[in-house]
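K.L.:
build me a model:
(2 chains)
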Amino acid sequence: MFNNRTKIKSILDAGETGREVTVMGWVRTFRNNQFIALNDGSTNNNLQVVVPLGLADDDTLKRITTGASVKVTGEVVPSIGKGQSVEVKANSIEILGDSDAEKYPLQPKKHSLEFLREIAHLRFRTNTFGAVFRVRHSLAFAVHQFFNERGFVYLHTPIITASDAEGAGEMFKVTTLPLNSAPTLEDGSIDFKEDFFGKSTNLTVSGQLEGELGAMAFSDIYTFGPTFRAENSNTTRHLAEFWMIEPEMAFYDLEDNMNLAEEFIKYLINYVLQNNADDLAFLDQRLAEEEKSKPQAERNEMGLLEKLRFVVDNNFERITYTEAIDILLQSPAYKKKKFKYEVKWGIDMQSEHERYLVEKHFKKPVIVINYPEGIKAFYMRQNEDSKTVAAMDILAPGIGEIVGGSQREERLDKLISRMEKMHVPVAEMSWYLDTRRFGSVPHAGFGLGFERMVQFVTGMTNIRDVIPFARTPQNCEF
RNA sequence: UCCCGAAUAGCUCAGUUGGUUAGAGCAUCUGACUGUUAAUCAGAGGGUCACUGGUUCAAGUCCAGUUUCGGGAGCCA
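P.N.:
Numbering: from 1, shown residues only, chains lettered A, B, ... in the order given. Sure thing, here's the model as predicted:
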């Protein structure tokens, strides 16, 4: 029976002394042959376990090494030392699992994120990653709570899809055909009729189109699942396998969509502010120290907590694409020719342009709407001006695009003509078009990159550090 | 995929204009220590200088290629 143990978080939170507890966890450090800093992952804070002299023999004391797992029974007492208000005075101590200190890679010292990335199977045991992944959990929980409170249905859209129409990026092929002897047609191409599904299939790049089908029945749905892009992207904000949240709402226009997205992001941040105070305090300090080593010009003006509170307390800036281009054209940066890429109406804004708007001009999250139709997907609703579509991107400081969404084109004829213009196979998409044939309604939705949200909230600058086991080009360890 | 940079002890790094036996801090090990906070003090061990080839009397150092990693860009969430 192991479950009569008490979690460290509850001991520290209660601060109640005089009772006997059994705690289990992993040794972070063992000081002075007497003090164990014990962590069980329930909180970023360690429990100090005091091993009274004479309780354990020399052999046992030697086995209390960094990384070892121990079971301790003892009394919760007020701490004499500084740094913690209560501690556990051990009555018995048992080594559950040894950890050879010469071989255990984590040492009681600061490690670089790059090194920890190589030992991702152990990095959960560090302060930083403990905090990051507790926050990630809270965010995931808050996502479901937010939508549940609003009557949204959580819809599981497929992971394997046969649709290649969305054009959201390169896809991973799913097949059971033998790679070196796949059946071919007369023209030499692969005969997918022989394949498992009888057609060519891929891993999903988005659940949106299926999500729209759900919204046309439940009114409001959301998806939250893994998404796959086979792009050869090597950046601090792209993964080959990532998690995305895609709400889809019937009877919503673009403004309703913006309101929901902004409310959603603020809700998530608020949830973490309220439920992960210790983790955020640690991450705030971690980031502050990292900032110190950067040159003055590259430092962030706000600390992590300050930034999160600011985002929650202020309205996002809302501008049209046309206004955004005007701001860029009027900007000192443009006049001093600081931009590498051309600025004019019709361009797909580059990172440098988005960063300027968010980090220099507005200094807060910005929602840009009504993009030129030429640079956006076929399903976005065509505006009256017949030049732009009802798209919206939310740009966050330090991250870039965190949300991409739109009001969808609900008018069958306009949708079909746009699909034909963009060479989307209309016949294959008949199931999608049925929503516009039978009881079509104005609707809208967006996608939020979950890892980018975790990055924003934790202040981690590399997306590989906010997912347990990152999948990126040339890297699929663990 | 493109541009830039890096690779030296378990980790983080230093290593001069190419020149004897490659250093430091932390970690580890041994010993000391009854109030420590990444404990402290004393001592010890620990290196295929990423890999392959080249230049040279001589290469950790210079050159070429390869690999891996990091930052930026593109694609996007």
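K.L.:
list the contacts for A:Ala240?
P.N.:
Contacts for A:Ala240 (CB atoms under 8 Å, 6 or more residues apart in numbering) come out as A:172, A:228-231, A:233, A:471-473. For glycine as for every other residue, the C-beta is placed from the backbone atoms N, C-alpha and C.
K.L.:
same question, A:Phe141
P.N.:
With CB under 8 Å, 6+ apart, A:Phe141 has these contacts: A:Tyr271.
K.L.:
where's it, which helix or strand?
P.N.:
helix A:127-149 (DSSP states H and E).
K.L.:
the residue of the stretch 51-200 of chain A found nearest RNA strand B: what's it in contact with?
P.N.:
For the stretch 51-200 of chain A and RNA strand B, the shortest gap (CB to the nearest atom of the strand) falls at A:Gly81, measuring 2.2 Å. Shown in contact with A:Gly81 (CB under 8 Å, 6+ apart): A:48, A:87.
K.L.:
if we use 7 Å, what do you get?
P.N.:
Listed by CB atoms under 7 Å, 6 or more residues apart in numbering, A:Gly81 has no contact partners.
K.L.:
contact residues of the stretch 1-150 of chain A facing RNA strand B?
P.N.:
A:29, A:31-35, A:37, A:48, A:50, A:53-54, A:62, A:65-66, A:79-84, A:87, A:89, A:101-102, A:105, A:107-112, A:114-115, A:117 (CB under 7 Å from any atom of the strand).
K.L.:
and what of the stretch 301-450 of chain A?
P.N.:
Counting by CB under 7 Å from any atom of the strand, the stretch 301-450 of chain A sits next to RNA strand B at A:341, A:348, A:350-352, A:355, A:400-404, A:447-449.
K.L.:
what about A:Phe446, which SS state?
P.N.:
strand (DSSP: H, G, I helix; E, B strand; the rest coil).
K.L.:
that one touches A:Asn259, doesn't it?
P.N.:
No. Counting by CB atoms under 7 Å, A:Phe446 stays clear of A:Asn259, with 11.3 Å between them.
K.L.:
those two: which has the busier surroundings?
P.N.:
A:Phe446 (23 against 11; other CB atoms under 10 Å).
K.L.:
what bridges to the nearest residue to the more buried one once chain neighbours are set aside?
P.N.:
Among residues not flanking A:Phe446 along the chain, A:Gly405 sits closest, at 2.5 Å (CB to CB, 6 or more residues apart in numbering). Using DSSP bridges, the bridge partners assigned to A:Gly405 are A:Met392, A:Phe446.
K.L.:
test my guess that A:Gly405 contacts A:Gly445.
P.N.:
Yes. Between A:Gly405 and A:Gly445 a contact is recorded at 5.8 Å, counting by CB under 7 Å.
K.L.:
what do the two both touch?
P.N.:
A:Asn257.
K.L.:
filter the residues of the stretch 1-150 of chain A next to RNA strand B down to the ones in strands?
P.N.:
A:29, A:31, A:35, A:37, A:48, A:50, A:87, A:89 (DSSP state E).
K.L.:
quick check, pLDDT for the second one.
P.N.:
pLDDT recorded at A:Arg31 is 90.
K.L.:
about what we covered before: what's the most distant pair in the residues of the stretch 301-450 of chain A next to RNA strand B?
P.N.:
The most widely separated members of those are A:Tyr341 and A:Leu448, with 26.3 Å between them, by CB to CB.
K.L.:
how about the nearest residue to A:Thr235, chain neighbours excluded?
P.N.:
A:Ile463 (7.9 Å).
K.L.:
any idea how far RNA strand B is from the one you found?
P.N.:
Separation of A:Ile463 from RNA strand B (CB to the nearest atom of the strand, to the nearest Å): 6 Å.
K.L.:
that residue contacts A:Gln455, correct?
P.N.:
Yes. Counting by CB under 7 Å, A:Ile463 touches A:Gln455, with 6.0 Å between them.
K.L.:
of the two, who's got more company?
P.N.:
Ranked by neighbour count (other CB under 10 Å), A:Ile463 and A:Gln455 place A:Gln455 first, with 24 against 21.
K.L.:
for the closest residue to the more buried one other than its chain neighbours, give me its contacts.
P.N.:
With CB to CB, 6+ apart as the criterion, A:Gln455 has its nearest non-adjacent residue at 5.4 Å, and that residue is A:Val466. Neighbouring residues of A:Val466 by CB under 7 Å, 6+ apart: A:132, A:136, A:451, A:454-455, A:458, A:460.
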